[in-house]
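# 3D, please:
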Amino acid sequence: MSRSENIVQTRKASRHFKVIPIRKAVIDDFRRPYANEFALTLQPQKLAEPYAIREPSLIFVNSMSDLFHADVPFAYIDLVMAVIADTPQHTYQVLTKRAERMAEYFACRDVPDNAWIGVSVEDKKYGVPRIDVLRAVNAKVRWLSIEPLLEDLGELDLCDIHWVVAGGESGHGARAMHPAWVNRVLRNCQAQNVPFHFKQWGQWGADGVKRSGKSANGRLLDGREWNEWPVGYTPPVAK
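Residues are numbered from 1 along each chain as shown. This next block holds a predicted model:
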């Protein structure tokens with residue numbers, strides 16, 4: 001098992017993706033801790049929700065789950081992808097740790113043009129190998145979520161990767177992210193012309209001090225915010 005505890009954290013426009021109205025998990029396979037004791041539970045009734053969103057939005061498909069979990073049938077993923085393809089006004093972020101299953105799914109299916117397909121890259125042992133698997137998927141945008149960054153990843157080959165998001169860990173038991181680790185990711189992106197977005201320091205600041213609340217440590221890296229997006233994408237403005 002990977003050392004990264006959370007599949008992916010919810011993103012809120014007001015803090016990390018400023019001025020971006022990100023909708024969370026509207027077509028998701030939520031794990032509901034009270035209703036079903038953390039068992040994976042499909043939510044097909046949510047498939048209609050994107051049709052009710054009037055303005056073009058950036059939608060994070062699986063904020064608290066993994067669409068390519070072994071217990072999610074390919075037939076259900078087909079329904080999710082059909083909704084994505086049928087709502088081209090929206091852009092959908094799909095993130096997974098199950099890179100092999102994701103690649104198996106897309107081996108005989110097209111990726112909708114408005115679906116960004118990404119993998120979590122938290123460490124060398126589990127995360128970095130997912131990059132090669134992702135590269136084989138024919139998506140218009142392939143992206144990496146390097147969050148939480150748990151160790152120095154070394155020199156990354158970002159060929160055919162279109163976007164990198166990095167950040168530290170937050171929440172109870174959060175582990176510190178060394179500034180040199182994330183700076184190396186940034187330098188890799190700059191050297192290979194890959195847009196970079198720094199989400200947060202998390203519970204531990206760049207100075208190595210643990211503070212209450214991730215917002216206390218901010219999201220400055222090298223003295224500035226990094227809010228880059230995939231080439232050709234213009235994010236919607238929050239109203």
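
# What segments of this structure are helices?
49-52, 74-86, 99-106, 128-135, 179-191 (DSSP state H).

# Could you pull up the mean pLDDT of the last one?
Averaged across helix 179-191, pLDDT comes to 98.

# how far out from the middle of the chain is it?
18 Å (Cα atoms, centre = their mean, to the nearest Å).

# next one: the first one
Its chain's C-alpha centre and that of helix 49-52 lie 21 Å apart, by Cα atoms, centre = their mean.

# Flag every buried residue along it.
Across helix 49-52, burial judged by 16 or more other Cβ atoms under 10 Å covers 49-50. Placement of C-beta: from N, CA and C, glycine included.

# other SSEs contacting that helix?
helix 74-86 (3 or more Cβ pairs under 8 Å, 6 or more residues apart in numbering; DSSP states H and E).

# what's near enough to touch Glu104?
The contact partners of Glu104, taken as Cβ atoms under 8 Å, 6 or more residues apart in numbering, number zero.

# Can you check the pLDDT for it?
At Glu104, pLDDT is 98.

# Distance of it relative to Leu40?
18 Å (Cβ to Cβ, to the nearest Å).

# Same question for His162.
Separation of His162 from Leu40 (Cβ to Cβ): 29 Å.

# Tell me which of the two has more neighbours.
His162 (21 against 15; other Cβ atoms under 10 Å).

# Next one, pLDDT for that one please.
If you check His162, the pLDDT there is 99.

# go on, Val237?
Reported pLDDT for Val237: 77.

# Just give me the neighbour total for it.
Neighbours of Val237 (other Cβ under 10 Å): 9.

# Repeat that for Phe68.
Neighbour number of Phe68 under other Cβ under 10 Å is 25.

# For the protein, give me the ranges with low pLDDT.
Low-confidence segments of the chain (pLDDT under 70): 1-38, 238-239.

# Please, where are all the strands along this structure?
Assigned strands in the chain, in chain order: 22-24, 58-60, 91-96, 115-120, 141-146, 163-167, 196-200 (criterion: DSSP state E).

# Redo those as TSV? Include mean neighbour count and distance to Asp157.
Putting the strands of the chain into TSV (neighbours: other Cβ atoms under 10 Å; distance: least, Cβ to Cβ, whole Å) gives the following:
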stretch	mean neighbour count	distance to Asp157
strand 22-24	19	29
strand 58-60	23	26
strand 91-96	24	20
strand 115-120	25	14
strand 141-146	25	11
strand 163-167	24	12
strand 196-200	23	16
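
# Output those in JSON lines, with distance to Met177 appended to each entry.
As requested, the strands of the chain are exported to JSON lines (distance: least, Cβ to Cβ, whole Å):
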{"stretch": "strand 22-24", "distance to Met177": "22"}
{"stretch": "strand 58-60", "distance to Met177": "22"}
{"stretch": "strand 91-96", "distance to Met177": "19"}
{"stretch": "strand 115-120", "distance to Met177": "15"}
{"stretch": "strand 141-146", "distance to Met177": "10"}
{"stretch": "strand 163-167", "distance to Met177": "8"}
{"stretch": "strand 196-200", "distance to Met177": "9"}
